[in-house]
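coords please:
(chains A, B, C and D)
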There are 4 protein chains.
Amino acid sequence: MAADLSRRIVAEALGTAMLVATVVGSGIMADRLTDDVGLTLLGNTLPTGAILVVLITILGPISGAHFNPAVTLVFALRREINATAALAYVIAQLVGGVAGTLLAHAMFELPILQISQTVRTGNGQWLAELVAAFGLVFTILAGLRFRSDAIPWLVGLYITAAYWFTASTSFANPAVAIARAVSNTFAGIRPVDLPAFVVAELLGALLAMALAGWLFSEPKPSDR
Amino acid sequence: MAADLSRRIVAEALGTAMLVATVVGSGIMADRLTDDVGLTLLGNTLPTGAILVVLITILGPISGAHFNPAVTLVFALRREINATAALAYVIAQLVGGVAGTLLAHAMFELPILQISQTVRTGNGQWLAELVAAFGLVFTILAGLRFRSDAIPWLVGLYITAAYWFTASTSFANPAVAIARAVSNTFAGIRPVDLPAFVVAELLGALLAMALAGWLFSEPKPSDR
Amino acid sequence: MAADLSRRIVAEALGTAMLVATVVGSGIMADRLTDDVGLTLLGNTLPTGAILVVLITILGPISGAHFNPAVTLVFALRREINATAALAYVIAQLVGGVAGTLLAHAMFELPILQISQTVRTGNGQWLAELVAAFGLVFTILAGLRFRSDAIPWLVGLYITAAYWFTASTSFANPAVAIARAVSNTFAGIRPVDLPAFVVAELLGALLAMALAGWLFSEPKPSDR
Amino acid sequence: MAADLSRRIVAEALGTAMLVATVVGSGIMADRLTDDVGLTLLGNTLPTGAILVVLITILGPISGAHFNPAVTLVFALRREINATAALAYVIAQLVGGVAGTLLAHAMFELPILQISQTVRTGNGQWLAELVAAFGLVFTILAGLRFRSDAIPWLVGLYITAAYWFTASTSFANPAVAIARAVSNTFAGIRPVDLPAFVVAELLGALLAMALAGWLFSEPKPSDR
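Reported below is the predicted structural model:
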């Protein structure tokens, strides 16, 4: 990593803030402009996928562009980031994420402080979050192995798909989930529903790490 | 191919499962959110195109990312994969595809086991499937000849177009077709309509192989 | 050009056929699925932009992927293709384009032979076609000068934009215009409106050629 | 910069004209075709994002593809363009932008000269413009630092997102804002609301310049 820790932390906070401002802000915009919920999700999906490509490209060289505690956890377990930096990253992601929600509220002239009342619970939702985070972390680890220059596009496109193919619209990120709990708008989630989402996301991430560890290992000559 | 056969088979099964989960899952999501069928198809198209770019990029280096028995057949006929591996690929694609459907049902809390009742039959549908598979295989073979790094994008964009310009919404893949037969949702197809779809897809693939064989052959000096 | 003339002509005919089948077919599909004309145009735009990226990438190495008499004319005037080949290209584009329309009709089980009754005339439409073809040819010539590897994307994205910012939805291609005259569906145009469209398109192409000739010429040292 | 000043100025004027013609023209087209304002914004977003990728790719090698006085100001302050050229750029952007609006009106057969009556004012709008311009300039400066070849895509995707996540739909460009003031259509803005938009955009640009100056500076060895 070329940058010192203070710059890396600022990059994580800024990137997570911009990501959450996009998720929450585009949800508010789409919800205001149309009564068709399918179109609202589309107006939420395209900006989220697009900003992910941008943020990972421009901040990746500074911090690695995790923007996601589940991703940071995996890199810490793989010893690609040390424990102190990992903790600092997660704090920056949480602070940045909530700041992104507040910024979106301010731009749309909504009450700055809100608590979501959107129910998101049940086996289907939890399985969806596990699948969503599995796919995200698997995509990142595969990208690092084979095409690191393509990671911004891979993540942006993966999330574009996952918004639609997972029943939970793919939060896949504990920091983003927490930030969305303080917005009673389209993208919100009840605080009481957070813990199960976070657990499912972390499980999905660890599952991806395990599978990638086997699938992308170098084959032994005797395997041929 | 860098990976041993067990990893290649897992990659084929995983990739086909994620592809089908996206096709079926995004169809369910879109169908629930809007009453406008045009928007439903759009909400089905974008995730499918996006996940294809991702899956082919991240699993291509392991297995070649066929995810499609028609593609595996063509590579077997071109002697780029041996018969044993080809058979294993097709089985993995079939198993993975059905697993993807079941996963989508579980995420959306629908009955896990279903049989589609969606009628898809007639000359127009069969011609559309032939055209769809022709275009897909032709695109892959041309990509391999001229721009192998671009194949993930080429396939994702081709299917994005083919969902709309073919009357059948472009299944173009016998494993995906079979997997869609066990889902009575937007993406489904009646089992009785499967055989003709599979035949049309294989014919289209063989036609593409023949045309590509001539069009992309090296010109003889005397042709100039 | 690596390929002999027969392969080049087949590539031009095949590419124009696939392009027109996409334009006409996706228009029929979108028109059937939704009553919202904005959504219909979107369902027409995305497939057209996507297939252009694919077709130019996979057939460009064979024929240059003109698919458009206005483009072939400009290359002939720039002496980058000889007159015989240019004439053969234009015939292949016209034949391929009409074949693409017929293929779309067959897939959607419509009468194969149709004549459009869609009125597209007036100063605004003609100006729009001039602008559309100017932008297309200017984009291609600039791409050839600076980023030839990016031309498939540049053309696909340019047409994606031009479908919406030109009042005519950007035909920008005499062969495609003629092929659309034999389809009485969303993408159609009355035969009587064709001549003015073709003239406007050729004028726009020549204007782009002139501007590009000056703008992309090497600056003389004394200009600095 | 390879080109002489006259070519650079023409490139800035032409690029800004095409950009504004796309913003205004696609807004008119979308507004005519659908009653769903969410879909109208989508029909405005996709063409704008697409044309930005094209214009920056094809004109960047000539002029740097600013098309935006806020961007030119930042490059002047960074001494990457001299004051005379910067002034000429801004004039070209203003003239080109207004010409783009007039061209869109002519294509859609609307009165050529119009004054917008669309109210866009208030703290939320101004904050949104500051955020929009901050993100745009930050993206450009980061792109220049790490991935200059990716800048066309980064800007196109950033604006695609910003149309939805900022409450103002992200003008982010004083020349485009002024050009939109002379169009009483979907994309318009009342002239009286312009000054505050321009101030917010310039402030956002300067803020991005300051943050990028620190974040992308080379770390001192002692910082490690």
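
grab the longest helix from chain A for me.
Assignment by DSSP state H gives helix A:5-33 as the longest helix of chain A.

mind giving me the packing neighbours of the helix or strand immediately after it in the chain?
Next in sequence after helix A:5-33, counting helices and strands by DSSP states H and E, comes helix A:37-63. With contacts defined as 3 or more C-beta pairs under 8 Å, 6 or more residues apart in numbering or on different chains; DSSP states H and E, helix A:37-63 has these neighbours: helix A:5-33, helix A:151-165, helix B:5-33, helix B:37-63, helix D:37-63, helix D:123-146, helix D:151-165. C-beta here means a position set from N, CA and C on the backbone, and glycine is covered the same way.

same list (these) but as TSV, adding mean neighbour count, distance to C:Ser6 and mean pLDDT.
Converted to TSV, the helices and strands packed on helix A:37-63 look like this (neighbours: other C-beta atoms under 10 Å in any protein chain shown; distance: least, C-beta to C-beta, whole Å; pLDDT from 0 to 100):
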stretch	mean neighbour count	distance to C:Ser6	mean pLDDT
helix A:5-33	25	51	98
helix A:151-165	27	38	98
helix B:5-33	25	37	98
helix B:37-63	25	32	98
helix D:37-63	25	33	98
helix D:123-146	24	45	98
helix D:151-165	27	37	98
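
relative to B:Ala161, how far out is the closest residue to chain C within chain A?
Of all residues in chain A, A:Leu39 sits closest to chain C, at 8.9 Å by C-beta to the nearest C-beta. Noted for A:Leu39: a distance of 21 Å to B:Ala161, by C-beta to C-beta, to the nearest Å.

same check on A:Gln93?
38 Å.

A:Ala205 too?
According to C-beta to C-beta, A:Ala205 stands 34 Å off from B:Ala161.

kindly report the same for A:Val155.
As judged by C-beta to C-beta, A:Val155 and B:Ala161 stand 24 Å apart.

just give me the neighbour total for A:Asn82.
A count of nearby residues for A:Asn82, using other C-beta atoms under 10 Å in any protein chain shown, gives 11.

ramachandran angles for it?
Per-residue torsions, A:Asn82: phi -80, psi 170 (degrees, to the nearest 10).

relative to A:Thr84, how far out is the closest residue to it other than its chain neighbours?
Nearest residue to A:Asn82, sequence neighbours excluded (C-beta to C-beta, 6 or more residues apart in numbering or on different chains): A:Ala76, at 7.7 Å. Applying C-beta to C-beta, the value for A:Ala76 to A:Thr84 is 10 Å.

which of those two has more neighbours?
A:Ala76 (18 against 9).

could you check which helix or strand contains that one?
Using DSSP H and E, A:Ala76 sits in helix A:69-77.

pLDDT on that helix, on average?
For helix A:69-77, mean pLDDT is 98.

quick one: work out the angle between it and helix A:5-33.
Helix A:69-77 runs at 150 degrees relative to helix A:5-33, counting by axes from the mean of the first three to the mean of the last three C-alpha atoms, to 10 degrees.

quick one: buried residues of helix A:69-77?
Across helix A:69-77, burial judged by 16 or more other C-beta atoms under 10 Å in any protein chain shown covers A:69-76.

so the strand or helix carrying A:Ala88, near chain D or not?
Using DSSP H and E, A:Ala88 maps to helix A:83-107. Yes - residues of helix A:83-107 are located near chain D by C-beta under 8 Å from any C-beta of the partner chain, namely A:103-104, A:106-107.

cool, stretch A:111-122 as well?
No - remark: stretch A:111-122 sits outside contact range of chain D, by C-beta under 8 Å from any C-beta, the gap being at least 11.5 Å.

list the contacts of that stretch.
Applying C-beta atoms under 8 Å, 6 or more residues apart in numbering or on different chains, the contact partners of stretch A:111-122 are A:102, A:105-106, A:168, A:180-185, A:188-191, A:193, A:196-197, B:109.
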